[in-house]
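Peer 1: Requesting a structural model of the entry that follows:
(6 chains)
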There are 4 protein chains.
Amino acid sequence: MNEPKTTRGQKTLNRIIKAAENEFGKKGYYNTTINDLAARAKVAPGTIYIYFSDKYSLYCHLLNRYGHEIRKKIAEDTAGCATRLDAERAGLLSFLRQVKKQPYMYQIIWESLYINPTLFVEYYESFALRYKTKLDESAGEITRMDNTVLAYILMGIVNFIGLKYVFFDKGADLEKVADQAMAFYRYGLSGLGQPAEGPAGEQPGGSAC
Amino acid sequence: MNEPKTTRGQKTLNRIIKAAENEFGKKGYYNTTINDLAARAKVAPGTIYIYFSDKYSLYCHLLNRYGHEIRKKIAEDTAGCATRLDAERAGLLSFLRQVKKQPYMYQIIWESLYINPTLFVEYYESFALRYKTKLDESAGEITRMDNTVLAYILMGIVNFIGLKYVFFDKGADLEKVADQAMAFYRYGLSGLGQPAEGPAGEQPGGSAC
Amino acid sequence: MNEPKTTRGQKTLNRIIKAAENEFGKKGYYNTTINDLAARAKVAPGTIYIYFSDKYSLYCHLLNRYGHEIRKKIAEDTAGCATRLDAERAGLLSFLRQVKKQPYMYQIIWESLYINPTLFVEYYESFALRYKTKLDESAGEITRMDNTVLAYILMGIVNFIGLKYVFFDKGADLEKVADQAMAFYRYGLSGLGQPAEGPAGEQPGGSAC
Amino acid sequence: MNEPKTTRGQKTLNRIIKAAENEFGKKGYYNTTINDLAARAKVAPGTIYIYFSDKYSLYCHLLNRYGHEIRKKIAEDTAGCATRLDAERAGLLSFLRQVKKQPYMYQIIWESLYINPTLFVEYYESFALRYKTKLDESAGEITRMDNTVLAYILMGIVNFIGLKYVFFDKGADLEKVADQAMAFYRYGLSGLGQPAEGPAGEQPGGSAC
DNA sequence: CATGAATGAGATTTCATTCAT
DNA sequence: AATGAATGAAATCTCATTCAT
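Peer 2: Okay, the predicted model is just below:
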């Protein structure tokens, strides 16, 4: 990406990026043309090439940006959590809120599986690794299960809830969904009958974190 | 799709479909040209249009076919299972084996989110509904959790395991993965320390179903 | 055209010709495919090439056929007319009735201006010549006007009435239209006020011819 | 049609339109390729699509343009005429001169019967209506004939003279042709012997209008 | 005779990218 | 920095015609 040198250029670049989020997110990479982006950004097609070498690099720029944003926000939102499970819930909620706020972001990330698989894997693995690391750290707590498998299970939960409640069911109460996911997370199916019998000191409505 | 009227035509059609699976699966829909398909199927480009009205309808044909195949196979593989959990494990294993056997299928299904979102949602929802129905039927067993949320959680587990072990880790021992998923499924994180305390008569290595 | 040698072949050929009239007439030459013709004729596409060397020659076959039919029928329908004006009226009516009966024919003839201009000119000129010859024969009757110009004027009247009353106003009473055309033909605008003052012995409703 | 925003664009557009007139007019719509047009206009094929959404819309643009041009020019050329017959002659001459000057225009208009029948009918009917309106206004003058039939007769005269003298006999003296048409127009066949007995003050060679 | 699958040249159209202004 | 016209390679799709059966 070419950095703009004037504030006018900065504004133009912002419009282009915003337009790319909207159009890529709504119609997908291949169904979005440079002209579409230009029209939405209210610039001429040629202008886009002042800042990006090509369409692909504009897409990758968004992707990288999202990866950083998501991780940074989750780190912030889980910073103050006392227990691992609290952090888990806070992380899940942080994630869901972000994709709810910027659903285009999520669509773009998923599409990268077809457009820049390397970046997708990187994103995917970084999350899985994060889970696995945490699981490894909690060795005393949880035992005898392969933490790698477990990490992907947890990712699946997070992401499918994301897909469902962000793409298809936009009105959902995310806190409630997160609580239910956490209940399952902790007790599986067998424990679902006894949510009140969870660890002492836990509020039914979820922790304050 | 136009049905061929001769066996020669049937063979040609099969070659086209096989070629489409390979090429779409490997390179994605938008990076696959009709000429690519024709070359791999060893037909002239025009021949493809005898059987399919356009590239898109060929893609959708594969998609529908996969949906049916997957569901049918799962139904078969879970038919003899005594308990719901046995069936769940058998279903998961059936799914994983199918996507492992035909990884292109899975790639194509996921891509539909960008090509035919309606079909994707249909596929997605049909699976979720299947889970939810089962959960509703087991009302005595599992309680107080929203079965819709739960259904999507289960889907997430299945699919992310699919993504991981089919796309990125092709050598995995699927039986073992399925067992671990089932353990989590039943007991969540908190119960993972007691896999031997599961329902009586259950082999640690998974049921015979 | 290849003549069929069996009665089965004759029937097939007839179906093909009938189909060509319908399809070419309805959709025009370029918008009609060999497959369209085959489908309507209930034959395989290849069958058409048994009888015609190509699409174009099938079209020309129709065109020639029509030219002969029209002229032959007009000759028949005007054979018994005593006066030139009677013959003119009978000819006009014959023409209108034919194009009304087979509107596709007319459409096909007009299109030949773009597909086989040579044949169109031939058709066009043959009609014009016929008029001019008659006008030349009636030298005593009509004077001082260039018979070539006049011939084209008469053709214009015939054909535009054809276009209007055959293409756009299918329910018209052709006899009445023919009578009005003849009135104009004889007296022009200035004489239109005195139709009853025409030559003695003429029925208002047109001659019996 | 997309309007160009620069003079350079305007020039390009003009070249494209000019090329389309020439090529469509000479070879017909279906025998003219976009590459033909591009070559003649000295632009790349893609450039045509900047200004027109497709080949068809380029064709329709010409068609509409012609309709307007013809009507506008006739209106101008008949504006100063004192009598209806003078106006009629002037209109006929105006029409003939236009199609003589731009024979491609006429070819293109006729072809529309096969390409855009709706536009053809519109063109056709607008002319017929113009005649009919005039005839209705002259009710005192001409009586007892159906003005609609009459309108189409007059159109036929005009157009067939057009076809003949523009397509097949390009050297004709149009003034003379127009005068003869007018003579027929006024007196029909029966009156052709007395052209000198027309309304007083009329020059044998046609009015000055 | 008839079939219908197969061909492949050729047409239209798209669109990322370049470039003159 | 910005414009928007122009490019042209490449894609999809059509369809008259051929040919093996």
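
Peer 1: Please count neighbours and contacts with C-alpha atoms only from this point.
Peer 2: Noted.

Peer 1: and for the helix ranked longest in chain A, what are the contacting residues?
Peer 2: Taking DSSP state H as the criterion, chain A has its longest helix at helix A:55-78. With Cα atoms under 8 Å, 6 or more residues apart in numbering or on different chains as the test, helix A:55-78 has contacts from A:1, A:17, A:20-21, A:29, A:34, A:52, A:87-88, A:90-91, A:94-95, A:98, A:105, A:108-109, A:112, A:116, A:119, A:123, A:209.

Peer 1: Please repeat the previous calculation with a cut-off of 6 Å.
Peer 2: A:52, A:87, A:90-91, A:94 (Cα atoms under 6 Å, 6 or more residues apart in numbering or on different chains).

Peer 1: Who wins on neighbours among those?
Peer 2: Neighbour counts for the contacts of helix A:55-78, by other Cα atoms under 10 Å in any protein chain shown, peak at residue A:90, which reaches 26 neighbours.

Peer 1: what's the closest non-adjacent residue to the residue of chain A found nearest chain C?
Peer 2: Here the residue of chain A nearest chain C is residue A:31; by Cα to the nearest Cα that distance is 30.6 Å. Spatial nearest neighbour of residue A:31, chain neighbours left out: residue A:24 (7.9 Å); criterion: Cα to Cα, 6 or more residues apart in numbering or on different chains.

Peer 1: What about that neighbour, how many residues nearby?
Peer 2: Residue A:24 has 23 neighbouring residues, counting by other Cα under 10 Å.

Peer 1: element containing it, please.
Peer 2: Assigned by DSSP states H and E, residue A:24 belongs to helix A:7-27.

Peer 1: So is whichever helix or strand comes after that helix next to DNA strand F?
Peer 2: Where DSSP H and E defines the elements, the next helix or strand beyond helix A:7-27 is helix A:34-41. No - shown here: helix A:34-41 not in contact with DNA strand F (Cα under 7 Å from any atom of the strand), separated by at least 7.9 Å.

Peer 1: Just the buried positions in helix A:34-41, please.
Peer 2: Of the residues in helix A:34-41, A:34, A:36-38, A:40-41 count as buried by neighbour count, 16 or more other Cα atoms under 10 Å in any protein chain shown.

Peer 1: try stretch A:81-98
Peer 2: A:81, A:86-98.

Peer 1: Equivalent analysis for stretch A:63-77, please.
Peer 2: By 16+ other Cα under 10 Å, the buried positions in stretch A:63-77 come out as A:63, A:66-67, A:70-71, A:74, A:77.

Peer 1: Flag every residue of chain A that's near DNA strand E.
Peer 2: So chain A meets DNA strand E at A:30-35, A:45-47, A:49, A:53-56 (Cα under 7 Å from any atom of the strand).

Peer 1: would CSV of those residues with pLDDT be doable?
Peer 2: Below are the residues of chain A next to DNA strand E laid out as CSV (pLDDT from 0 to 100):
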residue, pLDDT
A:30, 95
A:31, 94
A:32, 96
A:33, 97
A:34, 98
A:35, 97
A:45, 97
A:46, 96
A:47, 97
A:49, 97
A:53, 96
A:54, 97
A:55, 97
A:56, 96
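
Peer 1: From residue B:182, how far off is the residue of chain A closest to chain C?
Peer 2: Note on residue A:31: its distance to residue B:182, by Cα to Cα, to the nearest Å, is 40 Å.

Peer 1: Between these two, point out the one with more neighbours.
Peer 2: The residue with more neighbours, out of residue A:31 and residue B:182, is residue B:182; 22 against 14, by other Cα under 10 Å.

Peer 1: Please identify the helix or strand for the more buried one.
Peer 2: Using DSSP H and E, residue B:182 sits in helix B:174-187.

Peer 1: One more: residue A:158?
Peer 2: Residue-wise, residue A:158 maps onto helix A:147-162 under DSSP H and E.

Peer 1: Taking helix B:147-162 as reference, get the angle to that helix.
Peer 2: Angle of helix A:147-162 versus helix B:147-162, following axes from the mean of the first three to the mean of the last three Cα atoms, to 10 degrees, is 130 degrees.

Peer 1: for helix A:147-162, packing partners?
Peer 2: Counting by 3 or more Cα pairs under 6 Å, 6 or more residues apart in numbering or on different chains; DSSP states H and E, the packing neighbours recorded for helix A:147-162 are helix A:117-137, helix B:147-162.

Peer 1: And for that helix, what's in contact with it?
Peer 2: Around helix A:147-162, the neighbours that count as contacts under Cα under 6 Å, 6+ apart are A:128, A:131-132, B:153, B:156-157, B:160.

Peer 1: ok, now stretch A:6-19?
Peer 2: In contact with stretch A:6-19 (Cα under 6 Å, 6+ apart) are residues A:4, A:37, A:40-41.

Peer 1: Farthest pair within those residues?
Peer 2: A:4 and A:40 (19.5 Å; Cα to Cα).

Peer 1: quick one: low-confidence ranges for chain A?
Peer 2: Along chain A, the parts satisfying pLDDT under 70 run over A:139-144, A:166, A:190-208.

Peer 1: and it, what are its domains?
Peer 2: Listed by automatic domain parsing, the domain ranges of chain A are A:1-53, A:58-204.

Peer 1: Who's the closest spatial neighbour of whichever residue of chain A sits closest to chain D, skipping the chain neighbours?
Peer 2: For chain A, the residue closest to chain D is residue A:35, as judged by Cα to the nearest Cα, at 11.8 Å. Distances taken as Cα to Cα, 6+ apart put residue A:45 closest to residue A:35, at 5.7 Å, once the chain neighbours are dropped.

Peer 1: and the one you found, how many neighbours?
Peer 2: 16.

Peer 1: likewise residue A:132?
Peer 2: Residue A:132: 21 neighbours (other Cα under 10 Å).

Peer 1: State the pair within the contacts of helix A:147-162 that is farthest apart.
Peer 2: Largest separation among the contacts of helix A:147-162 by Cα to Cα: A:132 and B:153, giving 18.9 Å.

Peer 1: and of the buried residues of stretch A:81-98, the nearest to residue A:136?
Peer 2: For the buried residues of stretch A:81-98, the nearest to residue A:136 is residue A:88 (14.3 Å; Cα to Cα).
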